[in-house]
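Student: no sequence on hand, only this structure:
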Ligand SMILES: CNc1ncnc2c1ncn2[C@@H]1O[C@H](COP(=O)(O)O)[C@@H](O)[C@H]1O
Ligand SMILES: [Zn+2]
(Lines give C-alpha, C1' and ligand atoms only; values in the text may rest on other atoms or scores of the structure.)
(Ligands and ions follow the chains in the order given, each with its own letter.)
Protein backbone atom coordinates (compact mmCIF):
# COMPACT_ATOMS: atom_id res chain seq x y z
CA UNK A 1 0.00 0.00 0.00
CA UNK A 2 2.78 2.41 1.02
CA UNK A 3 4.81 1.32 -2.00
CA UNK A 4 1.86 1.96 -4.30
CA UNK A 5 1.36 5.44 -2.84
CA UNK A 6 5.04 6.27 -3.18
CA UNK A 7 5.06 5.07 -6.80
CA UNK A 8 1.93 7.04 -7.66
CA UNK A 9 3.47 10.19 -6.19
CA UNK A 10 6.67 9.57 -8.10
CA UNK A 11 4.67 9.28 -11.34
CA UNK A 12 3.05 12.64 -10.60
CA UNK A 13 6.45 14.24 -9.91
CA UNK A 14 7.90 12.81 -13.14
CA UNK A 15 7.97 15.50 -15.86
CA UNK A 16 5.79 14.23 -18.69
CA UNK A 17 5.04 14.91 -22.34
CA UNK A 18 1.41 14.49 -23.46
CA UNK A 19 0.96 14.01 -27.19
CA UNK A 20 -2.58 12.62 -27.49
CA UNK A 21 -5.26 14.50 -25.54
CA UNK A 22 -8.63 15.53 -27.03
CA UNK A 23 -9.86 18.79 -25.55
CA UNK A 24 -13.49 17.79 -25.08
CA UNK A 25 -12.53 14.35 -23.77
CA UNK A 26 -10.36 15.92 -21.08
CA UNK A 27 -12.98 18.09 -19.37
CA UNK A 28 -13.37 17.76 -15.60
CA UNK A 29 -16.47 15.88 -14.40
CA UNK A 30 -17.30 18.74 -12.05
CA UNK A 31 -17.38 21.17 -14.98
CA UNK A 32 -19.53 18.85 -17.09
CA UNK A 33 -21.98 18.48 -14.24
CA UNK A 34 -22.12 22.22 -13.68
CA UNK A 35 -22.74 22.85 -17.40
CA UNK A 36 -25.40 20.12 -17.50
CA UNK A 37 -27.09 21.66 -14.48
CA UNK A 38 -27.20 25.07 -16.16
CA UNK A 39 -28.66 23.62 -19.37
CA UNK A 40 -31.09 21.58 -17.26
CA UNK A 41 -32.26 24.75 -15.48
CA UNK A 42 -32.83 26.41 -18.85
CA UNK A 43 -34.90 23.42 -19.95
CA UNK A 44 -32.52 22.52 -22.81
CA UNK A 45 -31.77 19.05 -21.37
CA UNK A 46 -33.05 16.86 -18.54
CA UNK A 47 -30.27 17.00 -15.95
CA UNK A 48 -31.16 13.71 -14.24
CA UNK A 49 -30.89 11.89 -17.59
CA UNK A 50 -27.36 13.04 -18.28
CA UNK A 51 -25.99 13.02 -14.73
CA UNK A 52 -25.48 9.25 -14.63
CA UNK A 53 -23.99 9.27 -18.08
CA UNK A 54 -21.41 11.83 -17.06
CA UNK A 55 -20.63 9.96 -13.86
CA UNK A 56 -19.92 7.03 -16.18
CA UNK A 57 -20.13 3.34 -16.15
CA UNK A 58 -20.01 1.96 -19.62
CA UNK A 59 -17.32 3.27 -21.94
CA UNK A 60 -17.56 1.02 -24.98
CA UNK A 61 -16.55 2.62 -28.26
CA UNK A 62 -20.15 3.33 -29.41
CA UNK A 63 -20.96 4.73 -25.94
CA UNK A 64 -17.97 7.06 -26.13
CA UNK A 65 -19.24 8.60 -29.32
CA UNK A 66 -22.74 9.03 -27.93
CA UNK A 67 -21.13 10.77 -24.99
CA UNK A 68 -19.15 13.10 -27.20
CA UNK A 69 -22.42 14.24 -28.72
CA UNK A 70 -23.60 15.14 -25.24
CA UNK A 71 -20.28 16.81 -24.37
CA UNK A 72 -20.54 18.93 -27.48
CA UNK A 73 -24.03 20.07 -26.52
CA UNK A 74 -22.64 21.06 -23.12
CA UNK A 75 -19.45 22.75 -24.24
CA UNK A 76 -20.06 24.34 -27.60
CA UNK A 77 -20.32 28.05 -27.07
CA UNK A 78 -17.33 30.36 -27.15
CA UNK A 79 -17.14 31.13 -23.43
CA UNK A 80 -17.39 27.48 -22.45
CA UNK A 81 -14.73 26.47 -24.97
CA UNK A 82 -12.47 29.12 -23.41
CA UNK A 83 -13.23 27.85 -19.93
CA UNK A 84 -12.62 24.16 -20.62
CA UNK A 85 -9.36 24.91 -22.43
CA UNK A 86 -8.09 26.85 -19.43
CA UNK A 87 -9.07 24.09 -17.02
CA UNK A 88 -7.65 21.27 -19.12
CA UNK A 89 -4.26 22.99 -19.35
CA UNK A 90 -4.26 23.66 -15.61
CA UNK A 91 -5.07 20.02 -14.86
CA UNK A 92 -2.23 18.71 -17.00
CA UNK A 93 0.21 21.29 -15.59
CA UNK A 94 -0.70 20.34 -12.02
CA UNK A 95 0.51 16.79 -12.61
CA UNK A 96 3.82 17.98 -14.08
CA UNK A 97 3.01 17.66 -17.75
CA UNK A 98 5.68 19.99 -19.14
CA UNK A 99 4.73 19.81 -22.81
CA UNK A 100 1.15 19.33 -23.99
CA UNK A 101 -0.24 18.92 -27.48
CA UNK A 102 -4.00 19.40 -27.20
CA UNK A 103 -6.03 18.33 -30.18
CA UNK A 104 -9.50 19.58 -30.89
CA UNK A 105 -12.00 19.61 -33.76
CA UNK A 106 -12.75 23.15 -34.96
CA UNK A 107 -16.54 23.41 -35.14
CA UNK A 108 -18.98 25.42 -37.21
CA UNK A 109 -22.15 26.06 -35.23
CA UNK A 110 -24.43 28.61 -36.83
CA UNK A 111 -26.85 28.70 -33.90
CA UNK A 112 -24.03 29.93 -31.65
CA UNK A 113 -22.52 32.20 -34.31
CA UNK A 114 -19.50 29.94 -34.29
CA UNK A 115 -17.10 29.27 -37.14
CA UNK A 116 -14.09 26.98 -37.09
CA UNK A 117 -11.94 30.09 -36.77
CA UNK A 118 -13.94 31.63 -33.91
CA UNK A 119 -13.93 28.24 -32.12
CA UNK A 120 -10.12 28.19 -32.32
CA UNK A 121 -9.93 31.81 -31.17
CA UNK A 122 -11.93 30.76 -28.11
CA UNK A 123 -9.46 27.92 -27.49
CA UNK A 124 -6.50 30.29 -27.74
CA UNK A 125 -8.23 32.75 -25.43
CA UNK A 126 -8.50 29.89 -22.93
CA UNK A 127 -4.76 29.26 -23.14
CA UNK A 128 -4.09 32.93 -22.49
CA UNK A 129 -6.33 33.10 -19.46
CA UNK A 130 -4.58 30.33 -17.55
CA UNK A 131 -3.31 31.90 -14.35
CA UNK A 132 -2.23 29.01 -12.20
CA UNK A 133 0.79 28.25 -14.36
CA UNK A 134 2.81 29.98 -17.04
CA UNK A 135 1.69 28.83 -20.49
CA UNK A 136 4.28 29.10 -23.24
CA UNK A 137 2.33 29.02 -26.48
CA UNK A 138 4.29 30.92 -29.08
CA UNK A 139 7.82 30.50 -30.28
CA UNK A 140 8.15 34.28 -30.11
CA UNK A 141 8.03 33.80 -26.35
CA UNK A 142 11.43 32.21 -26.59
CA UNK A 143 12.76 34.60 -23.97
CA UNK A 144 10.37 32.95 -21.56
CA UNK A 145 11.75 29.56 -22.65
CA UNK A 146 15.00 30.41 -20.90
CA UNK A 147 13.38 30.82 -17.51
CA UNK A 148 14.07 27.88 -15.22
CA UNK A 149 11.45 25.21 -14.78
CA UNK A 150 9.78 25.06 -11.42
CA UNK A 151 11.21 22.76 -8.86
CA UNK A 152 9.14 19.62 -8.86
CA UNK A 153 6.36 19.78 -6.33
CA UNK A 154 7.46 23.31 -5.54
CA UNK A 155 5.80 26.68 -5.85
CA UNK A 156 3.04 26.18 -8.43
CA UNK A 157 3.12 29.84 -9.45
CA UNK A 158 6.48 29.19 -11.05
CA UNK A 159 5.33 26.11 -12.96
CA UNK A 160 5.51 26.30 -16.69
CA UNK A 161 3.88 24.28 -19.45
CA UNK A 162 4.55 24.39 -23.16
CA UNK A 163 1.26 24.03 -25.05
CA UNK A 164 0.77 23.40 -28.75
CA UNK A 165 -2.44 22.72 -30.69
CA UNK A 166 -3.38 20.07 -33.23
CA UNK A 167 -6.52 20.53 -35.31
CA UNK A 168 -8.61 17.38 -35.64
CA UNK A 169 -10.53 16.35 -38.71
CA UNK A 170 -13.67 14.51 -37.58
CA UNK A 171 -14.45 11.40 -39.63
CA UNK A 172 -18.01 12.71 -40.12
CA UNK A 173 -16.69 15.67 -42.11
CA UNK A 174 -16.73 16.13 -45.88
CA UNK A 175 -13.59 16.54 -47.97
CA UNK A 176 -14.22 20.28 -48.15
CA UNK A 177 -14.67 20.63 -44.40
CA UNK A 178 -11.48 18.63 -43.83
CA UNK A 179 -9.63 20.92 -46.25
CA UNK A 180 -10.95 23.94 -44.34
CA UNK A 181 -9.41 22.55 -41.18
CA UNK A 182 -6.03 22.06 -42.84
CA UNK A 183 -6.11 25.59 -44.26
CA UNK A 184 -7.06 26.93 -40.84
CA UNK A 185 -4.09 25.09 -39.30
CA UNK A 186 -1.84 26.79 -41.85
CA UNK A 187 -3.34 30.21 -41.10
CA UNK A 188 -2.87 29.70 -37.38
CA UNK A 189 0.63 28.30 -37.41
CA UNK A 190 1.98 31.40 -35.70
CA UNK A 191 -0.58 31.01 -32.94
CA UNK A 192 0.50 27.67 -31.54
CA UNK A 193 -1.17 25.35 -34.08
CA UNK A 194 1.41 22.80 -35.22
CA UNK A 195 -0.35 19.75 -36.58
CA UNK A 196 -3.33 17.85 -37.92
CA UNK A 197 -5.10 14.83 -36.46
CA UNK A 198 -7.66 12.47 -37.98
CA UNK A 199 -10.10 11.17 -35.38
CA UNK A 200 -13.77 10.49 -34.73
CA UNK A 201 -15.93 7.41 -34.69
CA UNK A 202 -13.84 4.75 -36.46
CA UNK A 203 -16.88 3.00 -37.93
CA UNK A 204 -17.99 6.20 -39.66
CA UNK A 205 -16.63 7.60 -42.93
CA UNK A 206 -14.16 6.58 -45.59
CA UNK A 207 -10.41 7.12 -45.80
CA UNK A 208 -10.77 8.50 -49.36
CA UNK A 209 -12.87 11.39 -48.01
CA UNK A 210 -10.02 12.74 -45.83
CA UNK A 211 -7.12 11.79 -48.04
CA UNK A 212 -7.12 15.01 -50.14
CA UNK A 213 -6.97 17.11 -46.96
CA UNK A 214 -4.24 14.95 -45.43
CA UNK A 215 -2.24 15.13 -48.65
CA UNK A 216 -2.69 18.89 -48.68
CA UNK A 217 -1.35 19.06 -45.11
CA UNK A 218 1.61 16.91 -46.14
CA UNK A 219 2.35 19.24 -49.07
CA UNK A 220 2.21 22.22 -46.71
CA UNK A 221 4.66 20.49 -44.38
CA UNK A 222 2.19 20.25 -41.49
CA UNK A 223 2.90 17.22 -39.25
CA UNK A 224 0.06 14.67 -39.12
CA UNK A 225 -1.09 12.09 -36.61
CA UNK A 226 -3.81 9.56 -37.41
CA UNK A 227 -6.03 7.36 -35.25
CA UNK A 228 -5.21 3.95 -36.65
CA UNK A 229 -6.72 0.53 -36.05
CA UNK A 230 -9.28 1.30 -33.36
CA UNK A 231 -11.37 -1.19 -35.30
CA UNK A 232 -10.19 -3.88 -37.70
CA UNK A 233 -10.65 -2.01 -40.96
CA UNK A 234 -8.00 -3.80 -43.04
CA UNK A 235 -8.11 -1.52 -46.09
CA UNK A 236 -7.88 1.61 -44.04
CA UNK A 237 -5.05 0.35 -41.81
CA UNK A 238 -3.06 -0.51 -44.94
CA UNK A 239 -3.80 2.91 -46.48
CA UNK A 240 -2.80 4.73 -43.28
CA UNK A 241 0.51 2.85 -43.08
CA UNK A 242 1.15 3.61 -46.77
CA UNK A 243 0.43 7.28 -46.11
CA UNK A 244 3.11 7.15 -43.38
CA UNK A 245 2.13 10.04 -41.08
CA UNK A 246 4.57 11.45 -38.50
CA UNK A 247 2.75 9.65 -35.66
CA UNK A 248 -0.04 7.13 -35.14
CA UNK A 249 -2.57 6.79 -32.35
CA UNK A 250 -3.67 3.45 -30.85
CA UNK A 251 -2.65 0.80 -33.48
CA UNK A 252 -4.87 -1.76 -31.75
CA UNK A 253 -6.26 -4.08 -34.40
CA UNK A 254 -3.25 -4.68 -36.64
CA UNK A 255 -2.66 -8.15 -38.13
CA UNK A 256 0.81 -9.72 -38.33
CA UNK A 257 1.66 -8.23 -41.68
CA UNK A 258 0.54 -4.72 -40.67
CA UNK A 259 2.38 -5.06 -37.39
CA UNK A 260 5.59 -5.90 -39.25
CA UNK A 261 5.08 -2.95 -41.55
CA UNK A 262 4.49 -0.56 -38.65
CA UNK A 263 7.70 -1.74 -37.00
CA UNK A 264 9.74 -1.43 -40.16
CA UNK A 265 8.42 2.11 -40.74
CA UNK A 266 9.31 3.06 -37.14
CA UNK A 267 6.35 5.47 -36.92
CA UNK A 268 6.07 6.67 -33.30
CA UNK A 269 2.93 5.40 -31.59
CA UNK A 270 0.76 7.28 -29.08
CA UNK A 271 -0.15 4.55 -26.56
CA UNK A 272 -3.44 5.03 -24.70
CA UNK A 273 -3.70 2.10 -22.26
CA UNK A 274 -6.83 2.94 -20.28
CA UNK A 275 -8.69 4.14 -23.36
CA UNK A 276 -7.90 0.97 -25.32
CA UNK A 277 -8.91 -1.36 -22.50
CA UNK A 278 -12.14 0.52 -21.85
CA UNK A 279 -13.20 0.67 -25.49
CA UNK A 280 -12.16 -2.93 -26.19
CA UNK A 281 -9.24 -2.11 -28.50
CA UNK A 282 -7.03 -4.17 -26.16
CA UNK A 283 -8.27 -7.26 -24.28
CA UNK A 284 -6.70 -6.22 -20.94
CA UNK A 285 -3.86 -4.13 -19.55
CA UNK A 286 -1.67 -7.22 -19.28
CA UNK A 287 -2.28 -8.16 -22.93
CA UNK A 288 -1.97 -4.61 -24.27
CA UNK A 289 0.32 -4.25 -27.29
CA UNK A 290 2.43 -1.75 -25.33
CA UNK A 291 4.58 -4.67 -24.15
CA UNK A 292 5.34 -5.89 -27.66
CA UNK A 293 6.23 -2.43 -28.96
CA UNK A 294 8.26 -1.60 -25.85
CA UNK A 295 10.25 -4.83 -26.05
CA UNK A 296 10.86 -4.21 -29.74
CA UNK A 297 12.20 -0.73 -28.82
CA UNK A 298 9.60 0.78 -31.14
CA UNK A 299 9.24 4.58 -30.66
CA UNK A 300 6.23 5.24 -28.44
CA UNK A 301 4.85 7.62 -25.86
CA UNK A 302 2.23 7.15 -23.16
CA UNK A 303 -0.88 9.32 -23.54
CA UNK A 304 -4.32 9.75 -21.98
CA UNK A 305 -6.59 10.17 -25.05
CA UNK A 306 -9.58 11.41 -23.01
CA UNK A 307 -8.58 11.83 -19.37
CA UNK A 308 -12.06 13.07 -18.39
CA UNK A 309 -14.04 10.46 -20.26
CA UNK A 310 -11.87 7.59 -18.99
CA UNK A 311 -11.15 8.99 -15.51
CA UNK A 312 -7.41 8.79 -15.91
CA UNK A 313 -4.38 11.09 -15.91
CA UNK A 314 -1.00 10.87 -17.57
CA UNK A 315 0.59 10.10 -14.19
CA UNK A 316 -1.85 7.21 -13.82
CA UNK A 317 -0.90 5.86 -17.26
CA UNK A 318 2.77 5.80 -16.16
CA UNK A 319 1.76 4.13 -12.92
CA UNK A 320 -0.18 1.47 -14.87
CA UNK A 321 2.89 0.70 -16.95
CA UNK A 322 4.95 0.27 -13.79
CA UNK A 323 2.40 -1.89 -12.00
CA UNK A 324 1.41 -3.98 -15.02
CA UNK A 325 4.70 -4.47 -16.85
CA UNK A 326 7.16 -4.01 -13.98
CA UNK A 327 9.13 -1.09 -15.41
CA UNK A 328 11.61 0.48 -12.98
CA UNK A 329 11.74 4.20 -12.21
CA UNK A 330 14.75 4.56 -14.48
CA UNK A 331 12.83 2.87 -17.31
CA UNK A 332 9.76 5.05 -16.73
CA UNK A 333 11.95 8.13 -16.73
CA UNK A 334 13.50 7.04 -20.02
CA UNK A 335 10.03 6.49 -21.48
CA UNK A 336 8.96 10.01 -20.51
CA UNK A 337 12.21 11.49 -21.81
CA UNK A 338 12.03 9.63 -25.14
CA UNK A 339 8.64 11.20 -25.87
CA UNK A 340 10.46 14.53 -26.36
CA UNK A 341 11.79 13.18 -29.64
CA UNK A 342 8.27 12.71 -31.05
CA UNK A 343 6.81 16.16 -30.34
CA UNK A 344 5.66 18.16 -33.35
CA UNK A 345 7.24 21.37 -32.00
CA UNK A 346 10.52 22.59 -33.46
CA UNK A 347 14.12 21.93 -32.54
CA UNK A 348 14.57 24.83 -30.15
CA UNK A 349 11.73 23.66 -27.96
CA UNK A 350 13.00 20.08 -28.16
CA UNK A 351 16.36 21.27 -26.90
CA UNK A 352 14.71 23.03 -23.95
CA UNK A 353 12.80 19.85 -23.10
CA UNK A 354 15.91 17.68 -23.37
CA UNK A 355 17.72 20.03 -20.99
CA UNK A 356 14.84 19.89 -18.59
CA UNK A 357 14.85 16.10 -18.47
CA UNK A 358 18.60 16.07 -17.98
CA UNK A 359 18.32 18.50 -15.11
CA UNK A 360 15.77 16.48 -13.17
CA UNK A 361 16.90 12.99 -14.24
CA UNK A 362 19.47 12.28 -11.53
CA UNK A 363 17.24 13.53 -8.76
CA UNK A 364 14.32 11.34 -9.85
CA UNK A 365 16.09 8.10 -10.60
CA UNK A 366 18.56 7.81 -7.71
C1 LIG B 1 -11.89 6.95 -27.62
N2 LIG B 1 -11.15 7.05 -28.83
C3 LIG B 1 -11.31 8.01 -29.78
N4 LIG B 1 -11.26 7.63 -31.07
C5 LIG B 1 -11.48 8.51 -32.08
N6 LIG B 1 -11.75 9.81 -31.87
C7 LIG B 1 -11.82 10.25 -30.61
C8 LIG B 1 -11.57 9.38 -29.51
N9 LIG B 1 -11.68 10.11 -28.38
C10 LIG B 1 -11.97 11.38 -28.78
N11 LIG B 1 -12.08 11.46 -30.12
C12 LIG B 1 -12.43 12.63 -30.96
O13 LIG B 1 -12.31 13.81 -30.18
C14 LIG B 1 -13.55 14.51 -30.12
C15 LIG B 1 -13.71 15.18 -28.77
O16 LIG B 1 -12.79 16.24 -28.64
P17 LIG B 1 -12.89 17.62 -29.46
O18 LIG B 1 -14.34 17.94 -29.64
O19 LIG B 1 -12.17 17.40 -30.77
O20 LIG B 1 -12.19 18.61 -28.58
C21 LIG B 1 -14.59 13.43 -30.37
O22 LIG B 1 -15.80 13.97 -30.85
C23 LIG B 1 -13.88 12.55 -31.41
O24 LIG B 1 -14.00 13.10 -32.70
ZN1 LIG C 1 -7.79 9.79 -29.61
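Tutor: Happy to help now that I have it. It should be emphasised that the depicted structure is a prediction, and the values quoted were computed from it without experimental measurement. Ligands and ions are numbered 1, 2, ... in the order given.

Student: strands along the stretch 1-150 of the chain, start to end?
Tutor: Assigned by DSSP state E, counting those that start in this stretch, the stretch 1-150 of the chain shows strands spanning 16-22, 97-104, 134-136.

Student: low-confidence ranges, this protein, go.
Tutor: By pLDDT under 70, the low-scoring segments of the chain are 56-58, 139-158.

Student: quick check: residues of it near ligand 1?
Tutor: With the criterion set to CB under 6 Å from any ligand atom, the chain comes near ligand 1 through 22-25, 64, 68, 104-105, 168, 170, 199-200, 227, 230, 275, 279, 305-306. (C-beta placed from N, C-alpha, C; glycine too.)

Student: show me these that map onto helices.
Tutor: Counting by DSSP state H, those place 64, 68, 275, 279 in helices.

Student: now neighbour count too, for these, in TSV please.
Tutor: Conversion of those to TSV gives the following (neighbours: other CB atoms under 10 Å):
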residue	neighbour count
64	20
68	19
275	29
279	25
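
Student: of those, closest to ligand 1?
Tutor: The nearest member of those to ligand 1, counting by CB to the nearest ligand atom, is residue 68 at 3.7 Å.

Student: tell me the contacts of that closest one?
Tutor: 24-25 (CB atoms under 8 Å, 6 or more residues apart in numbering).

Student: end-to-end on stretch 197-215?
Tutor: The separation between the terminal residues of stretch 197-215, taken as CA to CA, to the nearest Å, is 13 Å.

Student: got the buried residues for that stretch?
Tutor: For stretch 197-215, the buried set under the neighbour-count rule, 16 or more other CB atoms under 10 Å, comprises 197-202, 205, 207, 209-210, 213-214.

Student: element containing residue 286, please.
Tutor: Under DSSP states H and E, no helix or strand contains residue 286.

Student: show me the contacts for the residue nearest to it when sequence neighbours are not counted.
Tutor: Closest residue in space to residue 286, ignoring its immediate chain neighbours: residue 324 at 6.0 Å, by CB to CB, 6 or more residues apart in numbering. Contact partners of residue 324, counting by CB under 8 Å, 6+ apart, are 273, 285-286, 288.

Student: how near is residue 324 to residue 332?
Tutor: Going from residue 324 to residue 332 by CB to CB, to the nearest Å gives 12 Å.

Student: show me where the stretch 151-300 of the chain has strands.
Tutor: Ranges of strands within the stretch 151-300 of the chain are 160-170, 193-199, 224-228, 247-250, 269-271, 300-302, based on DSSP E, counting those that start in this stretch.

Student: could you list the buried residues of the next helix or strand after the last one?
Tutor: The C-terminal neighbour of strand 300-302 among helices and strands, as given by DSSP H and E, is helix 314-325. The neighbour-count check on helix 314-325 (16+ other CB under 10 Å) flags 314-322, 324-325 as buried.

Student: ok, residue 263 to residue 242 distance?
Tutor: 15 Å.

Student: correction: the previous question concerned residue 41.
Tutor: Going from residue 41 to residue 242 by CB to CB gives 51 Å.

Student: and residue 213, by the same measure?
Tutor: For residue 213, the distance to residue 242 equals 16 Å [CB to CB].

Student: taking the contacts of residue 324, please make a PyMOL selection of just the buried ones.
Tutor: With 16+ other CB under 10 Å as the criterion, this PyMOL line picks the buried residues out of the contacts of residue 324:
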select buried, resi 273+285+288
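
Student: which two among the contacts of residue 324 are spaced furthest apart?
Tutor: By the measure CB to CB, 273 and 286 form the most distant pair in the contacts of residue 324, at 10.7 Å.

Student: returning to that earlier point: could the strands of the stretch 1-150 of the chain be laid out in a markdown table, adding mean neighbour count and distance to residue 357?
Tutor: As requested, these are arranged in a markdown table below (neighbours: other CB atoms under 10 Å; distance: least, CB to CB, whole Å):
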| stretch | mean neighbour count | distance to residue 357 |
| --- | --- | --- |
| strand 16-22 | 26 | 9 |
| strand 97-104 | 24 | 9 |
| strand 134-136 | 21 | 16 |
